[in-house]
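**Student:** Pasting a predicted model and its sequence here:
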Amino acid sequence: MRLLLAVSTAMLVAAPAFADPQAGDIVIHAGTLLDRPGQAPRRNATIVVRAGKVAEVRDGFVAAPAGARLIDLKDRYVLPGLIDSHVHLESDRAGKDGLLASFTEGVPMHAYEAAWNARKTLNAGFTTVRNLGDGSGVTLALRDAIRQGWAVGPRIVDAGMSISTTSGHMDERLGLNDDLREHAGSPENLCDGVESCRHAVRIQIGRGADVIKIATTGGVNSRIGAGLGKQMFDDEAKAIVETAHMYGKKVAVHAHGADGIALALAAGADSIEHGTLMDDADIAAFRKTGAYYVPTLSTVNGYLERIAADPNAYEPAVRAKIDWRISITGKALEKAVPAGVKIAFGTDAGVSKHGRNADEFEWLVKHGLTPMGAIQAATVNAADLLGLKDEVGSIEPGKAADLIAVAGDPLADVKVLKTVGFVMKGGEVFKQED
């Protein structure tokens, strides 16, 4: 009798009843749960989802209350929905193919393509993205359509149009003849001088941008052989960052050359994208300012695939920069990781292919991060960078019920994150494979 009483008591302690069970709850049984990346995973856990948010996380497999939906992931590894801090949903066509599409296809077609890429991204397990610039504003509309439930895709933090100086990386007229230049792009995202740069920021804020994206250096894909060094003056960068921060917007900075990285960090940038040629002084500045580094290493995959399909996919001036980028990819991360620079996950998808965002994990681990560090970069770190740490990035009560499941252990082999079988965003299941 005493033995029976002891066993019964132990069962009650291990699996207590849910507090205030409600019809419509979703109960998830997770075989392994990495609920807070950076901490040890839990075995045999229960997650309760209520009204789109995580209500409870319990040890053990707790029986679902009456009226609740049970999702059995006992043979899966469950972790938070992933976050890509650098995408371009509007297209993943590039080089000469992308240039031709920009003239032969209109905004409506680009809007459908953005929606298609958003769905692929969500199916890959990325429930939140930061879209760092498009030329037509279709992703601003897509962001709002997803919020309304009119479209399917990840939560989007959007930059509107990216800003640079005239003939800078964001000048869409580069490399075009004089007859075409006046028909390409819009000059509203270009600025020269302090007042002009302040004005450019205010235009994007007025369009509804959540974050401001600028370029302080040249770019690999710019159709101009002007190099990858600094292409913005100190006072211009400072004016942009000060204006954005005044409106409560963070600033993401495209920068390859060490001089452009230093310029951006001195101006108060919140993140550096690419950072290919960072030097020791830049690393010291990262640590001083607390800015994030977003490496975007898997762009190399997109370059290699397009060149394999067509060796002439890029203009000669661009191809030379691509070959250089391939040869140096990952070297900056190898410096940044041991120095303690904060890393956030970002792919530059659009240069690489949408829906294959998780390819970045393999590159991050190859060049210095542990699998846990790479997962942190794509969850808690990215959530912090995007200003969403109270909403996403971990599986905790009160946060959005964004979670994914994979068949293997990503801490043993990060490549398993390339095959996500279950995706929930905001408590809604968008993908569930047997």
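**Tutor:** Happy to help now that I have it. Quick caveat, the model's predicted, so the values are computed rather than measured.
**Student:** how far out from the middle of the chain is the longest helix along the chain?
**Tutor:** Longest helix in the chain, counting residues (DSSP state H): helix 107-123. Taking C-alpha atoms, centre = their mean, to the nearest Å, one finds the center of helix 107-123 at 16 Å from the center of the full chain.
**Student:** now stretch 152-160
**Tutor:** 10 Å.
**Student:** tell me the SS of Arg143?
**Tutor:** Secondary structure assignment for Arg143 (DSSP: H, G, I helix; E, B strand; the rest coil): helix.
**Student:** What residues sit buried inside the longest helix of the chain?
**Tutor:** 110-111, 113-123 (16 or more other C-beta atoms under 10 Å). From N, CA and C alone the C-beta is placed, and that goes for glycine too.
**Student:** Which residue ranges of the stretch 201-350 of the chain form strands?
**Tutor:** Taking DSSP state E, counting those that start in this stretch as the test, the strands found in the stretch 201-350 of the chain are 212-215, 251-255, 271-274, 292-294, 342-343.
**Student:** Can you name the residues that contact the closest residue to Ala237 other than its chain neighbours?
**Tutor:** Closest residue to Ala237 apart from its sequence neighbours, by C-beta to C-beta, 6 or more residues apart in numbering: Ala267 at 4.2 Å. With contact set as C-beta atoms under 8 Å, 6 or more residues apart in numbering, Ala267 has these partners: 234, 237-238, 240-242.
**Student:** likewise Ala378?
**Tutor:** 82-84, 345, 360-361.
**Student:** hmm, try it at 6 Å
**Tutor:** 82-83, 345 (C-beta atoms under 6 Å, 6 or more residues apart in numbering).
**Student:** from the residues you listed, which single one is nearest Lys415?
**Tutor:** Nearest to Lys415, judged by C-beta to C-beta, of the contacts of Ala378 is Leu82 at 14.0 Å.
**Student:** quick one, phi/psi of the spatially closest residue to Pro338 that is not a sequence neighbour?
**Tutor:** The shortest distance from Pro338 to any non-neighbouring residue, by C-beta to C-beta, 6+ apart, is to Gly368 (7.2 Å). When quoted as degrees, to the nearest 10, the phi and psi of Gly368 stand at phi 130, psi -20.
**Student:** Do I have it right that Gly368 meets Glu334?
**Tutor:** Yes: using C-beta atoms under 6 Å, Gly368 is in contact with Glu334, at 5.0 Å.
**Student:** okay, the nearest residue to Thr419 once chain neighbours are set aside: pLDDT?
**Tutor:** Of all residues not flanking Thr419 in the chain, Val406 sits nearest, at 6.5 Å (C-beta to C-beta, 6+ apart). The per-residue pLDDT reported for Val406 equals 98.
**Student:** Okay, and the beta partners of Val406?
**Tutor:** With DSSP bridges as the criterion, Val406 is bridged to Tyr77, Val420.
**Student:** so it touches Tyr77, yeah?
**Tutor:** Yes: between Val406 and Tyr77 there is a contact at 5.3 Å, judged by C-beta under 6 Å.
**Student:** Output the contacting helices and strands for the longest helix of the chain.
**Tutor:** helix 138-148 (3 or more C-beta pairs under 6 Å, 6 or more residues apart in numbering; DSSP states H and E).
**Student:** what's the burial count for Phe286?
**Tutor:** 22 (other C-beta atoms under 10 Å).
**Student:** which residues sit in contact with it?
**Tutor:** Neighbours of Phe286 in contact, by C-beta under 6 Å, 6+ apart: Val341.
**Student:** Would you mind measuring from it to Ala266?
**Tutor:** 12 Å (C-beta to C-beta, to the nearest Å).
**Student:** now Thr128, what's its secondary structure?
**Tutor:** Thr128 - assigned by three-state DSSP - is strand.
**Student:** just use 91 as the starting number from now, easier for me
**Tutor:** New numbering, starting at 91: the last item is Thr218.
**Student:** Quick check: bridge partners of it?
**Tutor:** With DSSP bridges as the rule, Thr218 is bridged to Ile173, Arg245.
**Student:** Please report the distance of it from Asp372.
**Tutor:** Thr218 is 28 Å from Asp372, by C-beta to C-beta.
**Student:** Please apply the same query to Gly516.
**Tutor:** Relative to Asp372, and taking C-beta to C-beta, Gly516 is found at 38 Å.
**Student:** Tell me how many other residues surround Thr256.
**Tutor:** Thr256, neighbours per other C-beta under 10 Å, totals 14.
**Student:** Tell me the spatial nearest neighbour of it, not counting adjacent residues.
**Tutor:** Nearest non-adjacent residue to Thr256 (C-beta to C-beta, 6+ apart): Leu280, at 4.9 Å.
**Student:** and the spatially closest residue to Val291 that is not a sequence neighbour, how many neighbours does it have?
**Tutor:** Among residues not flanking Val291 along the chain, Thr333 sits closest, at 4.3 Å (C-beta to C-beta, 6+ apart). By other C-beta under 10 Å, the residues close to Thr333 number 20.
**Student:** Before I go, just wanted to say thanks for your time.
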